[in-house]
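Participant: let me see the structure of the following:
(3 chains)
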Amino acid sequence: MCCVTSTKALGRTSSKGEVILSKSPILQINPDRLFPVEPSVRRLCGELYEQVRAAPIISPHGHTDPAWFACDTPFDNALSLLVTPDHYLLRMLYSRGVALEDLGVPDRQGSVVVSPREGWRNFARRYYLFTGTPSKVWLDTTFAEVFGLTVQLDEHSADLYFDHINECLSQEAFRPRQLLDRFNVAFIATTEHALDPLLHHQALVEQGLSTRVTTTFRPDDVLDPDFDGFAENVERLGEVTGETVASYSGYLNALRARRAAFRAVGATATDHGPVSPFTACLADDEAGRLYGRCLSGAASGDERKLFRGHMLIEMARMSLDDGMVMQLHPGSSRNHNSALFNRFGPDKGADIPRRVDYCEALKPLLNAVGNEPDLELIVFTLDESNYARELAPLAGHYPALRLGPPWWFNDSPEGMLRFRHSVTETAGFYNTAGFNDDTRALLSIPARHDMARRMDARFLAQLVTEGRLSEAEALRLITTLTTDLVVEAYRLGDRVERFTAA
Amino acid sequence: MCCVTSTKALGRTSSKGEVILSKSPILQINPDRLFPVEPSVRRLCGELYEQVRAAPIISPHGHTDPAWFACDTPFDNALSLLVTPDHYLLRMLYSRGVALEDLGVPDRQGSVVVSPREGWRNFARRYYLFTGTPSKVWLDTTFAEVFGLTVQLDEHSADLYFDHINECLSQEAFRPRQLLDRFNVAFIATTEHALDPLLHHQALVEQGLSTRVTTTFRPDDVLDPDFDGFAENVERLGEVTGETVASYSGYLNALRARRAAFRAVGATATDHGPVSPFTACLADDEAGRLYGRCLSGAASGDERKLFRGHMLIEMARMSLDDGMVMQLHPGSSRNHNSALFNRFGPDKGADIPRRVDYCEALKPLLNAVGNEPDLELIVFTLDESNYARELAPLAGHYPALRLGPPWWFNDSPEGMLRFRHSVTETAGFYNTAGFNDDTRALLSIPARHDMARRMDARFLAQLVTEGRLSEAEALRLITTLTTDLVVEAYRLGDRVERFTAA
Amino acid sequence: MCCVTSTKALGRTSSKGEVILSKSPILQINPDRLFPVEPSVRRLCGELYEQVRAAPIISPHGHTDPAWFACDTPFDNALSLLVTPDHYLLRMLYSRGVALEDLGVPDRQGSVVVSPREGWRNFARRYYLFTGTPSKVWLDTTFAEVFGLTVQLDEHSADLYFDHINECLSQEAFRPRQLLDRFNVAFIATTEHALDPLLHHQALVEQGLSTRVTTTFRPDDVLDPDFDGFAENVERLGEVTGETVASYSGYLNALRARRAAFRAVGATATDHGPVSPFTACLADDEAGRLYGRCLSGAASGDERKLFRGHMLIEMARMSLDDGMVMQLHPGSSRNHNSALFNRFGPDKGADIPRRVDYCEALKPLLNAVGNEPDLELIVFTLDESNYARELAPLAGHYPALRLGPPWWFNDSPEGMLRFRHSVTETAGFYNTAGFNDDTRALLSIPARHDMARRMDARFLAQLVTEGRLSEAEALRLITTLTTDLVVEAYRLGDRVERFTAA
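Facilitator: Numbers count the residues shown, from 1 in each chain, chains lettered A, B, ... in the order given. The predicted structure is shown next:
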């Protein structure tokens, strides 16, 4: 998808043109990777994939840093770009005994004990741990197609990789905005908390880039009474918006104001990550009473849960008013590992999925707003036992509901197959929302979308060769899944016009 | 399986013999549909399927209207036969914004706002939503093989379909009893609630048809204290049977009397659809005490649950006495969408599966009667996480227990594969009960059984080609799964003799 | 793998050399059994399998009788060796109406009502029930490769089998220790409860065999207050160790002493089978208080659960001290069938898996010791919904945690595929622990390991042909999965040196 822009050959030839007798094996990216084996299915799969191989990337849910695009400064080095911010990598390395310190992860005081090169070597030495994981597919594809590397990453090639990647990053072509062009990114959304000053997104507005790079409103910090610092966050919410958040109605107004502020810099969607999808429909006075108790710290666990569940419905109602797409990502037990959290802070790989039930939990929300065809509510799950049992039947009934793509640990070849196989027969294709890359790893975005396109092509090819779909339907659907459903679900029609028209 | 009986060509030729320049694509039914792709497996799969392709249909669990067979009047029109009673279709259309009114679904007052033709057009226009679902496979097969249609259903062919199907329905050959013959239905069971007067089934007895068309005893309305109108239902149960249901023993006698009445018109089975499979074994006086509290409305939620759970065991005991097969279908959260339920009533696609645990829930029942080899207890699930974990181990141990086929949302190609792959290694083949179509869509019954036969052939073919089963075993098993196990599990030996002997 | 040592031909030729016109079909073991069908994958699968086909068997978790190896006396007969101790077989036969009495299973008084030959005939007659199950693959492989039988087992061949197997068992070559050699067993662990006198293992030490045949410390009987006879067991624990178990600290010392005694006869691991993986981290005085209440019988259900959960953490701490690998096998509801349990005792096929949640349950344990790279904690599950959802993410984060192989009902071709497909993308290969046979059926051990090797080869071959793994990686991994990970996870480096060096 992406070709190397460096003019120098790599891997077995040094950057000075000398031949390096590298001990590392050749890095080869199979052009038919992830395709099924049976020749007739593989052939059709390849044809379907070819329809969307070069389609623009629409990335409506992710975690890249907006400063990259607003400031367009060069990236620092291979380690800080590719390893230390990626909790997919940290967790696996940590699980086999690699200390986070040795990977250059700063502790809560910002202290770092190894040089970037040392951290990279420690990563490279254990890179084999990722064999069989999607992380390895994404990284190898990135190494080969973005950086033009030609040998595999291991302890022998660690320095070669580090030097070469850093050299690339210093070039103009590897500036963030150039990468957006090179990756053919039509649209990318970042995620900011409710109190974020949105400075970078404001800058993007001023630079005329905000239709392409946009924020997402993620208000867990001011909605969830169990969130660290909830009361202080609400107080700041009042300050930021000028609303008197001492009253429940002032609090709702403040939330409306922040939603408007996010929309003003281009946001089309909100995102919510409660520990469970529990919802509750309270009368205003009851909600107000609980709000007071949550703020004062007097609320019991059940009261906090009730308030959190009620506020999800309030968010849905506000979405009906202001047209923002609502995303729900429940079921992660955050910061499971206390010692690691205390030392290094959040997002170090210790968020663990837990069992979630949707049928009864979402009932109050869906009874309140689920019949509204003007609402877009996109639900994700980490608990795949819900795909066929609860989520596909719910999405296959309520007009407001769509299923988000396989999320996080399930954003993988097998996870994608399980999703399509479990969901399609009950929810069909049109109650889904296309692909999300959900990543802060900018460089791997093409590889992630490519994986999704390959797996969708594979699923459709199987249906055709088994006589469950016509080839004409499959040829239409591959584009529907890759772009149309994303545009429709996230209301991006005006953003990606020039791309999808092409 | 079924050939068109209309003498007129269809689709691209009008009913008057003129060529229609239809914009709709050709409708082609792949003769190898659902077969696996690898050539050697496909060949064997086809051979196994051929063994049972034309085998008689035995349909021991379904929801067709007994009036059809008792009165044998022609069906009204395409919409009221194929769309408005089919909650599989309504839910999906509703999920993408089609109002039920626009499909001709009557509200609770019986009011209908569109003509059948308009309703059919609204269905046809969104028929593409079913791409990838079993509903589309069933319908397309029905369109092609029952009605002889040769173009696909879409907005262009909507009227052609509507006119042609209606014309067919007016013909003698499309009368309900003729269809039973044409579809080679050896046996079909309907389902009636405990208070049903059974008039149509009585008529079928008098017409000598009751060994072929039979009822099933479904007593949730008089067993479940949470059922709408429970106390009134029990009062009517007393009136109907002449038992004094004020006492618990009179209530049990009344239930015995209704079971006998159902058996008298041919029933061999009961069916139970509690929200959970919870069972409880109470002493008679405790059960009697709870019964009184449930009738008076004084019972708490826990007491009602306890009583419901106890009555499941009573039903099993009565089955031991009278030989009726007991079916258990738990785990559906009925009428999840209150607004829709209030406007249109039940069965409009808003029943949603929920998580169910069987191991502890069924323990009291299985400890009471599970060791009885003379009891047939057939358990179904919507929660597939139980297949390998709880249900296959339970069925692979208790003599009384069998597993019903994949139910409802899981009655699909992928659902059937998941069932066989998850269940067979622990429960074997002989603790299962063959296929149920579970449908009120009479016209699709051949297509549904055909799908099950194809998927069973596929599963067996895979086992043979992977050296896990001999070809001789597979050739025996395909018939065992298609007919023998159904006959054995539902005790239909005397009903289908002439068919299976042939 | 194993060739018949009997010099006489079998099956269709009698033991006296006469031709028997057996009605039973030929028994053929497909050399490519369990391999995938697509020719290119099958070819590669065969090559990978060939790498490990003859690799030594390392069996770190099982339930064979140590007396067999300590005394090396000949086995009694086909029934008592192959059928009556195997609850996999008993449960299935019982589920289709075969009384345990008729299989020669002794009741609690030791009474047996059929002769071994009669019991064997009753087994043979219903052997077809196992079609499609792993038991049949294991047994057929054993019949063909260990006993050289050439016709299938059924009612016609029952006597031929019984006579031939008994004749084999009387030969020197079928003595337990000879079988270990013939099966190429490098290491095998048995399992003994905490109070076991370890006499046979002591004898094995004296015979110099304890590095090859070793015990495992299974202390549920003295750790779980719900265990039958807990208080008496703890009292005996005090007697056996000379510690004053009236105090909590004495109790801990007694446990340490038993662990040391097990290590002294060669144990490297402990095993724990609580009904749930619930853990709790209590202060010493609180634990001591609960201990007293559990001993006196005053503890509530919640208190007993809390104590059991706390003691799992104590065991982990002791493992950190003494280096024993800790295995956790939760989630089985033991002796589900009371009538059968009362008549025949435990292990008769009525243990049923139930739903288990790991994320929150293991959190206290993992927060206490999960960050210790020196701890080996191997967790198993019967609830596969946890593979991708909770266990792979936990194992892919905590250094102490590894996933055990698919257990019990999931020790099957499909179960193994589900494990690899669900676990690998998140936990990788290196957070797993190789294969366990977990069996008391000594004769089937080669067949069980062979099945695991075939399924691993199959999984790897699929990854390679789909471009997700290089062939070189697959060739390394097949040995890693078969031997290296087992040796590493169970700390058997010094035990199997001579084998793995070869």
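
Participant: what is the burial count for the closest residue to chain C within the stretch 151-300 of chain A?
Facilitator: Going by Cβ to the nearest Cβ, chain C is nearest to residue A:152 of the stretch 151-300 of chain A, at 8.8 Å. To be clear about C-beta, it is placed using only N, CA and C from the backbone, and glycine gets the same treatment. Applying other Cβ atoms under 10 Å in any protein chain shown, we find 23 residues neighbouring residue A:152.

Participant: if I look at it, how far off is residue C:244?
Facilitator: Distance, residue A:152 to residue C:244, by Cβ to Cβ, to the nearest Å: 61 Å.

Participant: then residue A:56?
Facilitator: 76 Å.

Participant: which one's more surrounded, those two?
Facilitator: Neighbour comparison, residue A:56 and residue C:244: the larger count goes to residue A:56, with 19 against 12 (by other Cβ under 10 Å).

Participant: contacts only, for the most centrally placed residue in chain A.
Facilitator: Closest to where the C-alpha atoms of chain A average out (Cα atoms, centre = their mean) is residue A:438, at 0.7 Å. In this structure, residue A:438 makes contact with A:61, A:62, A:63, A:407, A:408, A:411, judged by Cβ atoms under 8 Å, 6 or more residues apart in numbering or on different chains.

Participant: how about a cut-off of 10 Å?
Facilitator: The contact partners of residue A:438, by Cβ atoms under 10 Å, 6 or more residues apart in numbering or on different chains, come to A:59-63, A:191, A:329, A:380, A:404-408, A:411, A:448.

Participant: restricted to strands, list those residues.
Facilitator: residue A:59 (DSSP state E).

Participant: dump the residue contacts of the residue of the stretch 151-300 of chain A closest to chain C.
Facilitator: A:11, A:22, A:24-28, A:124, A:127-128, A:140, A:143-144, A:161, C:470, C:473.

Participant: low-confidence ranges, chain A, go.
Facilitator: Counting by pLDDT under 70, the ranges of chain A that qualify are A:1-21, A:498-502.

Participant: for the stretch 251-400 of chain A, which residues are neighbours of chain C?
Facilitator: Proximity of the stretch 251-400 of chain A to chain C is confined to A:331-333, A:336-341, A:348-356, A:381-386 under the rule Cβ under 10 Å from any Cβ of the partner chain.

Participant: of those residues, which are in range of chain B?
Facilitator: Applying Cβ under 10 Å from any Cβ to these, those adjacent to chain B are A:355, A:356, A:383, A:384, A:385, A:386.

Participant: quick one: which of the residues you listed is most hemmed in?
Facilitator: The most crowded member of those, judged by other Cβ under 10 Å, is residue A:386 (31 neighbours).

Participant: and the gap between the residue nearest to the centre of chain A and chain C?
Facilitator: 15 Å (Cβ to the nearest Cβ, to the nearest Å).

Participant: for the residue in chain A positioned nearest to chain B, which three-state class applies?
Facilitator: Nearest residue of chain A to chain B: residue A:467, at 3.3 Å (Cβ to the nearest Cβ). With DSSP: H, G, I helix; E, B strand; the rest coil as the basis, residue A:467 sits in coil.

Participant: and it, how far from residue B:137?
Facilitator: 9 Å.

Participant: any residues in contact with both of the two?
Facilitator: In contact with both residue A:467 and residue B:137: B:29, B:33, B:34, B:454, using Cβ under 10 Å, 6+ apart.

Participant: just the element for the last one, please.
Facilitator: In other words, residue B:454. Using DSSP states H and E, residue B:454 sits in helix B:445-465.

Participant: try residue A:308
Facilitator: Using DSSP H and E, the element containing residue A:308 is helix A:301-322.

Participant: coming back round to it: helices or strands up against the helix or strand that comes right after the helix holding residue B:454?
Facilitator: Note on helix B:445-465: by DSSP H and E, the next helix or strand toward the C-terminus is helix B:471-479. If you count contacts as 3 or more Cβ pairs under 10 Å, 6 or more residues apart in numbering or on different chains; DSSP states H and E, helix B:471-479 packs onto helix B:39-52, helix B:445-465.

Participant: most tightly surrounded among the ones you listed?
Facilitator: helix B:445-465 (a mean of 24; mean count of other Cβ atoms under 10 Å in any protein chain shown).

Participant: show me what it is packed up against.
Facilitator: helix B:39-52, strand B:57-59, helix B:134-141, helix B:176-182, strand B:185-189, helix B:413-427, helix B:471-479.

Participant: out of those, deepest packed?
Facilitator: strand B:57-59 (a mean of 26).

Participant: can you tell me the strand partners of that one and which way each runs?
Facilitator: strand B:185-189 (parallel) (DSSP bridges).

Participant: ok, back up a step: which PyMOL command selects the buried ones in the residues of the stretch 251-400 of chain A next to chain C?
Facilitator: To isolate the buried members of these in PyMOL, using 16 or more other Cβ atoms under 10 Å in any protein chain shown:
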select buried, chain A and resi 331+332+333+336+337+340+341+348+349+350+351+352+353+354+355+356+381+382+383+384+385+386
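
Participant: among the residues of the stretch 251-400 of chain A next to chain C, which ones are in strands?
Facilitator: Using DSSP E, these in strands are A:332, A:333, A:352, A:353.

Participant: residue A:305: which of those residues is nearest?
Facilitator: Among these, residue A:333 lies closest to residue A:305 (Cβ to Cβ), at 14.8 Å.

Participant: pretty sure the closest one sits against residue A:353.
Facilitator: Yes - taking contacts as Cβ atoms under 10 Å, residue A:333 lies within contact range of residue A:353: 7.3 Å.

Participant: need the overlap of contacts for the two.
Facilitator: Common neighbours of residue A:333 and residue A:353 (Cβ under 10 Å, 6+ apart) are A:382, C:359, C:390, C:393.

Participant: farthest pair in these?
Facilitator: Counting by Cβ to Cβ, the most remote pair of the shared contacts of residue A:333 and residue A:353 is A:382 and C:359, 10.1 Å apart.

Participant: okay, and the common contacts of those two?
Facilitator: A:331, A:332, A:333, A:352, A:353, A:354, A:355, C:389, C:390, C:393.

Participant: show the contacting residues for the first one.
Facilitator: What it means is residue A:331. Counting by Cβ under 10 Å, 6+ apart, residue A:331 makes contact with A:273-277, A:352-358, A:380-383, A:386, A:407-408, C:359, C:389.

Participant: now with 6 Å?
Facilitator: A:353, A:354, A:356, A:382, A:383 (Cβ atoms under 6 Å, 6 or more residues apart in numbering or on different chains).

Participant: kindly report the same for the fourth one.
Facilitator: Contact analysis of residue A:352 by Cβ under 6 Å, 6+ apart lists A:333, A:336, C:359, C:393, C:394.

Participant: any idea what it is bridged to?
Facilitator: residue A:333.

Participant: in TSV: the contacts of residue A:331, plus distance to residue C:487.
Facilitator: TSV is the format used below for the contacts of residue A:331 (distance: Cβ to Cβ, whole Å):
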residue	distance to residue C:487
A:353	31
A:354	33
A:356	38
A:382	34
A:383	35
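
Participant: ok, of the residues you listed, which one's closest to residue A:316?
Facilitator: Nearest member of these to residue A:316, counting by Cβ to Cβ, is residue A:356, at 18.2 Å.

Participant: return the backbone torsion pair for the closest residue to the closest one other than its chain neighbours.
Facilitator: Counting by Cβ to Cβ, 6 or more residues apart in numbering or on different chains, the nearest residue to residue A:356 once its immediate chain neighbours are dropped is residue A:331, at 4.0 Å. Per-residue torsions, residue A:331: phi 100, psi 10 (degrees, to the nearest 10).
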